[in-house]
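Student: Any chance you can model this:
(chains A and B)
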Amino acid sequence: MKRRTILAFMLDRPGVLNKVSMLIRKKMYNVDTLTVCSSRIEGISRMTITLQEDDERKVNQVIKQLEKFTEVISVKELHADNSYWREVAIVKLEVDGNHLETFRGNYNFEILDQKSEDIHIIQVAGSTRHIDGFLDAVGREYIIEIARTGASAMEK
Amino acid sequence: MNGKTLVVKALQEQGVKYVFGYTGGAIMPIFDEMDRQDSVQFIMSRHEQGAAFMAQGLSRASRSTGERKVGVCISTSGPGAMNLATGIADAYMDSVPVVAITGQVATGVIATDAFQESDVVGVMMPICKQTYMPLGADDVESTMHEAFYVAVTGRGGPVVVDLPKDVQNEEVSNGYNFDSSAFHPNLPGFLYHPTPEREPLQRAMYLINRSERPLVFCGHGVINANAGKLLQQFAEKVNIPIAFTLHGLSAVPADHPLSLGMMGMHGTVEANRAIMEADLLISFGMRFDDRVTGKLNEYARDADVIHVEIDPSEIEKNVATTVAINADVAQTLRAMLDDPMLTYKPRRRWFEKIEEYREVMKADLEAELAKGTGDGGGLLMKSIVHQLSKLTEGKDLIVPDVGQHQMMAARFYNYQTENSWFASGGAGTMGASLPMAIGVKLARPGERVWSICGDGGFQMNMQELGTVMEQQIDIKILLFNNGYLGMVRQWQTLFYDGRYAGTPMQSPDFGLIAQAYDIPYEKVENVKDIQPALQRAMDQKGAVFVEFVCDPTEVILPMIPAGGGFDDMIIKRPSPDKTAKKSGKEK
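Tutor: Numbering: from 1, shown residues only, chains lettered A, B, ... in the order given. I've put the predicted structure just below:
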């Protein structure tokens, strides 16, 4: 299934998130990621939703029905080739510090905290694939806990 | 000033004359204030669902009058609000503007499972156009005005305002200042495109001129835009036959030479066959619902589609569109009528074909109407509706309930008055008729209103006879009693081998019911008595209740089975032994 990213701007009013998630459920999707943040303009939020759908018409239906909400200002689909999709992961790893440092070159991460000799809390940002690549490279078996923000996106 | 006075003030400023509802703990302050100010008339329903349908009736019927009104219903928190829900969902499906005001427990105890607390906003959100819960008296007035604005702007729909009890009593802050005449809601994304764009309009007219077998579709949007006359002019100007959706009925006189009657599951043969053959569908204000299209991949295969629709999310939802015009129906029609590019074509071959289709069931139906009784000897609903139509010259207001009798009323009444048909369509809510008829009568007091019910649906909201009695509402109630849930029975006859599971129904003595509410009653069992009984009902001042003993074997045809295509249309009546077949238990 094709991953779709929908960007929406909406009034920051109570219940809007509820409406959006209810529509996604009504359309029988399981949300991959959903991020909400404030936009440049006060009182207007920015929401990025990713879900799986191959059918172009169905995606357009979701967009039109989102636009129908009284509070929603504009909605569009962002395509992978002309936009950036990024997320951040915070990872608690039980890993040898030297092993971690070997990935410095390929991956841009920051050590936030070192609890003991081999307990590290690190932050890594980038595309979903980049983060997945990093985790695979370091070794998922070392992960104690992980928090990912889900995708936020911007058109080029 | 406090919350409750501002609610009543807003109602007054919005020109609300009637408020339908039922009181209770969490809404008492507003009721008290309505009573003190005496600017709106309160009509008590006997169940909140009734109030929602009364409000709908008022909204629907007033659309074609000089004063368009928004029906308002009001209830208390918890069960009161939950009882409104069906009527609200129904209004949403049928795009009817309604403002519902619900009481809510005080803000201090919200979300603590307080007495009569329900999450009204949470429940209503997916079944209405917008929900509000103002959390302070300062927000009440702007919320109320925004609610009315949202309910009527673009495609109409219900809006719910949930008012915590403490907010109703709260005083506004110092320096509170609100000018409703200067108020415009801040909704930057709530766009409404009433004016058609030039380019699609030109392409549409090109397709219309080029077409050989076109059809005009008349949907609810035509009624909502008050554009029946314009649609008729348009169809006459280009010489294209018109098919109606259930809600498009009564936009144009039903016996207009270009009219093909209703389309879809129980539509006429001529409408449905013509759709199969058409090379162009010009649809105004409709949403290609599944009851209209049947199997989508077989629907109007050879036709281009011009879709004129105020709600952009309906365009391309079910049917692929050749030209999409996201605009108000009336403005689009006016723009096309004014354009000299639009031309008349005789389309002789097309009309010859349509005349053939008109003949397919004509003889059968005429024979049935002439006989007036079914295989079981009971009266035929279609024949009663037909007689009513003749007697009233098709000029009266018809409010059917939901089911077989509704389809009979849709098909066999000769609608002459614009916006004279008020039905629960999208949601198909049984029990809608009686309360809706009350609202219709209050909106159009000078016209005669017929509430046509089946024995099933009538008993779902028959408590509203109390409102009829109390308010002395002059509606004529026709009960088509066949002892069954007729529409489901018809499906059981056709698709479940005549096993009538859950459809036979024992009813009370409706004569005694009518008597209890002080409503004149008569019962009709013979064909010859139909016309005189209807005449007496017409002549009677005030409410009347006429029960007709109907034949359970009657079916409404043609019928396109659910999920079937137009090729699967059933036009032959099932044999009497099939319709009469009884289930094992029913001896």
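
Student: At the contact with chain B, which residues of chain A appear?
Tutor: A:9-11, A:14-15, A:18-19, A:22, A:26, A:57, A:60-61, A:64-65, A:67-74 (Cβ under 8 Å from any Cβ of the partner chain). Any C-beta I mention is one placed from the backbone N, CA and C, and that applies to glycine too.

Student: let's see 7 Å
Tutor: Applying Cβ under 7 Å from any Cβ of the partner chain, one finds that chain A approaches chain B through A:10, A:15, A:18-19, A:22, A:26, A:57, A:60-61, A:64-65, A:68, A:70-74.

Student: Which ones among the residues you listed lie within strands?
Tutor: A:Met10, A:Val72, A:Ile73, A:Ser74 (DSSP state E).

Student: Identify, from those, the entry nearest to chain B.
Tutor: Chain B has its nearest neighbour among those in A:Ile73, at 3.3 Å by Cβ to the nearest Cβ.

Student: Map the structural domains onto the sequence of chain B.
Tutor: The record's domain split for chain B, according to automatic domain parsing, is B:3-182, B:198-357, B:362-580.

Student: Could you export the ones you listed as JSON lines, including mean pLDDT and distance to chain A?
Tutor: Below are the domains of chain B laid out as JSON lines (pLDDT from 0 to 100; distance: least, Cβ to the nearest Cβ, whole Å):
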{"stretch": "domain B:3-182", "mean pLDDT": "97", "distance to chain A": "5"}
{"stretch": "domain B:198-357", "mean pLDDT": "96", "distance to chain A": "4"}
{"stretch": "domain B:362-580", "mean pLDDT": "96", "distance to chain A": "16"}
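
Student: Reformat those domains as TSV; add mean neighbour count.
Tutor: Shown next, in TSV, are these (neighbours: other Cβ atoms under 10 Å in any protein chain shown):
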stretch	mean neighbour count
domain B:3-182	21
domain B:198-357	20
domain B:362-580	20
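
Student: Show residues contacting stretch B:244-263.
Tutor: The contact list for stretch B:244-263 (Cβ atoms under 7 Å, 6 or more residues apart in numbering or on different chains) reads B:94, B:217-220, B:222-223, B:228, B:231-232, B:235-236, B:241-243, B:264, B:267-268, B:270-272, B:274-275, B:286, B:292, B:354, B:394, B:410-411, B:414-421, B:423, B:425.

Student: can you give me the end-to-end distance of that stretch?
Tutor: 6 Å (Cα to Cα, to the nearest Å).

Student: now the strands for the stretch 251-400 of chain B?
Tutor: B:259-262, B:280-284, B:304-308, B:323-325, B:397-400 (DSSP state E, counting those that start in this stretch).

Student: Let me have those strands in JSON lines, extended by distance to B:Glu316.
Tutor: Formatted as JSON lines, those follow (distance: least, Cβ to Cβ, whole Å):
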{"stretch": "strand B:259-262", "distance to B:Glu316": "24"}
{"stretch": "strand B:280-284", "distance to B:Glu316": "13"}
{"stretch": "strand B:304-308", "distance to B:Glu316": "8"}
{"stretch": "strand B:323-325", "distance to B:Glu316": "7"}
{"stretch": "strand B:397-400", "distance to B:Glu316": "31"}
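
Student: Out of the ones you listed, the one nearest B:Ala106 is which?
Tutor: Smallest distance to B:Ala106 across the strands of the stretch 251-400 of chain B (Cβ to Cβ): 38.9 Å, for strand B:397-400.

Student: mind checking the end-to-end distance for stretch B:373-387?
Tutor: End to end - Cα to Cα - stretch B:373-387 spans 13 Å.

Student: State which helix of chain A is the longest.
Tutor: In chain A, assigned by DSSP state H, the helix with the most residues is helix A:56-68.

Student: out of the contacts of stretch B:244-263, which are inside helices?
Tutor: Using DSSP H, the members of those that fall in helices are B:220, B:222-223, B:228, B:231-232, B:235-236, B:270-272, B:274-275, B:292, B:354, B:410-411.

Student: pLDDT wise, what is the residue sitting furthest away from the middle of chain A at?
Tutor: Relative to the centre of chain A, the most outlying C-alpha is that of A:Glu117, 30.9 Å out, by Cα atoms, centre = their mean. Listed pLDDT for A:Glu117 reads 84.

Student: how near is it to chain B?
Tutor: Separation of A:Glu117 from chain B (Cβ to the nearest Cβ, to the nearest Å): 47 Å.

Student: And A:Asp6, which helix or strand is it part of?
Tutor: That one is not Asp; residue A:6 is Ile. Following DSSP states H and E, one finds A:Ile6 within strand A:3-11.

Student: what's that strand in contact with?
Tutor: Under Cβ under 7 Å, 6+ apart, the answer for strand A:3-11 is A:16, A:32, A:39, A:43-53, A:59, A:62-63, A:66, A:71-78, A:85, A:151, A:153, B:189.

Student: Buried ones from those residues, can you make that a PyMOL selection?
Tutor: Buried residues within the contacts of strand A:3-11, by 16 or more other Cβ atoms under 10 Å in any protein chain shown, are selected in PyMOL with:
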select buried, (chain A and resi 16+44+45+46+47+48+49+50+51+53+59+62+63+66+71+72+73+75+78+85+151+153) or (chain B and resi 189)
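
Student: From the contacts of strand A:3-11, which land in helices?
Tutor: Using DSSP H, the contacts of strand A:3-11 in helices are A:Val16, A:Val59, A:Val62, A:Ile63, A:Leu66.

Student: Which two of the residues you listed have the greatest separation?
Tutor: Across the ones in helices among the contacts of strand A:3-11 (Cβ to Cβ), the longest gap, 20.3 Å, separates A:Val16 and A:Val59.

Student: Including distance to B:Glu309, could the ones in strands among the residues of chain A next to chain B go into TSV?
Tutor: Shown next, in TSV, are those (distance: Cβ to Cβ, whole Å):
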residue	distance to B:Glu309
A:Met10	23
A:Val72	19
A:Ile73	21
A:Ser74	20
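
Student: In these, find the pair that's most separated.
Tutor: A:Met10 and A:Ser74 (8.6 Å).

Student: got any residues that touch both of the two?
Tutor: B:Gly189.

Student: how about the nearest residue to B:Pro576 once chain neighbours are set aside, what does it touch?
Tutor: Spatial nearest neighbour of B:Pro576, excluding adjacent residues (Cβ to Cβ, 6 or more residues apart in numbering or on different chains): B:Asp375 at 4.1 Å. By Cβ under 7 Å, 6+ apart, the contact list for B:Asp375 reads B:Asp551, B:Thr553, B:Pro576, B:Thr579, B:Ala580.

Student: which one among these gets closest to B:Lys541?
Tutor: Using Cβ to Cβ, those come closest to B:Lys541 at B:Asp551, 31.6 Å.

Student: ok, now how distant is that closest one from B:Ile384?
Tutor: In this view, B:Asp551 and B:Ile384 are 11 Å apart by Cβ to Cβ, to the nearest Å.
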